[in-house]
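Novice: Dropping a prediction and its sequence here:
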Amino acid sequence: MPDYIADKVYDPRNETQFDFCQRVLVSLSERKLHPLSASMYFGALIIELRENIPPSSLPGRLGGIVPYYSNGKPAWKNRSPPARLFSPVQGNIDVFNYAANGLTPDMRVSGERDAGTSGLVLVNRVTNDRRVMVPNHVFSDTDHVYHPTTAPQNLIGKVVQRYTDLDIALVQLHEGIEYKNRSYFDAPVPKKLVTEQYRGIPGQEWFFVDSPFTGLAPLLWGGARVRITEEPYHNLKYDKQYIFLSMGINVGQPTEGVCGSPIVHDECVSGSESDGAVLGLFSRSGQNFAQNLFVSVLDRIVADGWEVEA
């Protein structure tokens, strides 16, 4: 089959991986091939199709790239977790109360029922509002945010805005609560949010997350993924995500509380695009640290005027 988008081959100098993946999905949808997602993974183009379509009916190139098709079965699925060297149970969780010394990313926060990890403190360049990012699902049943555990004396703030599809909530801190991005424990210090326009090199760049539930965990950036999140042909919505390959941790399936940890670029040349770059927050996904992780891009957060407080 001919290349559906041969008139515009993929050129990373002029097009992001996200835009290319979305073009691929549009071209396949127009031909009623029922695509589910398209990913650029370490330079390879991977396409998930809902139906088991004979390969002879599919194009051998798309945008000049030879695709790998996953026909009628998921391309991305969980691998069996490795044997645990220790279990992330209560005795291994950092539940120390840091409020007296000042809060930073990577500290335990709690709702009425669940717990997670505190994220970045942001400032809005338009309104000058100051907010802290936390995982939205942890506070699905409440607006009250506690550190480190749920108790009246540990109340630190209130959820005032939610980005449900990104699993991010923004918290207004109560008066007198100190919170800064000055450190991120063993992870690099976060300095800026980046969008899908980020021009890093997949397969060569390392990012880190840290949490009171796991400690430091390295992630190799693998590329970009765009998936269709609505039923095909009914108001298609394209969900854009970064793909990370996790390595170097042996806790198997960590507790849900790791959610909310910023994913920050390894320390590099000061002032460069990658210096302190945050691609997203680790989010609940049923995934473990020994496989591919999908992280939603932060374009909506940036478009709404939010940036990392210096």
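Specialist: Okay, I see it. Everything numeric here is computed off the predicted structure, so don't read it as measured data.
Novice: burial of the closest residue to Thr16 other than its chain neighbours, as a residue count?
Specialist: Counting by CB to CB, 6 or more residues apart in numbering, Glu196 is the residue found nearest to Thr16 once chain neighbours are left out, at 5.5 Å. (Each C-beta comes from the backbone N, C-alpha and C, glycine too.) Neighbourhood size, Glu196 [other CB atoms under 10 Å]: 18.
Novice: helix/strand/coil for Glu196?
Specialist: coil (DSSP: H, G, I helix; E, B strand; the rest coil).
Novice: what's near enough to touch it?
Specialist: Residues in contact with Glu196 (CB atoms under 8 Å, 6 or more residues apart in numbering) are 16, 18-19, 224, 240, 297, 299.
Novice: Turn those into JSON lines, including pLDDT, neighbour count and distance to Ser110.
Specialist: As requested, the contacts of Glu196 are arranged in JSON lines below (pLDDT from 0 to 100; neighbours: other CB atoms under 10 Å; distance: CB to CB, whole Å):
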{"residue": "Thr16", "pLDDT": "95", "neighbour count": "17", "distance to Ser110": "37"}
{"residue": "Phe18", "pLDDT": "97", "neighbour count": "24", "distance to Ser110": "34"}
{"residue": "Asp19", "pLDDT": "97", "neighbour count": "16", "distance to Ser110": "39"}
{"residue": "Ala224", "pLDDT": "96", "neighbour count": "24", "distance to Ser110": "33"}
{"residue": "Lys240", "pLDDT": "95", "neighbour count": "19", "distance to Ser110": "30"}
{"residue": "Val297", "pLDDT": "96", "neighbour count": "23", "distance to Ser110": "27"}
{"residue": "Asp299", "pLDDT": "97", "neighbour count": "16", "distance to Ser110": "29"}
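Novice: Let's check: the centremost residue of the protein is which one?
Specialist: Residue closest to the mean C-alpha point of the chain, counted by CA atoms, centre = their mean, is Val295 at 2.2 Å.
Novice: That one should be in a strand, yeah?
Specialist: Yes - the assignment for Val295 is a strand, going by three-state DSSP.
Novice: Hmm, it is touching Pro262, no?
Specialist: No - taking contacts as CB atoms under 8 Å, Val295 lies outside contact range of Pro262: 10.2 Å.
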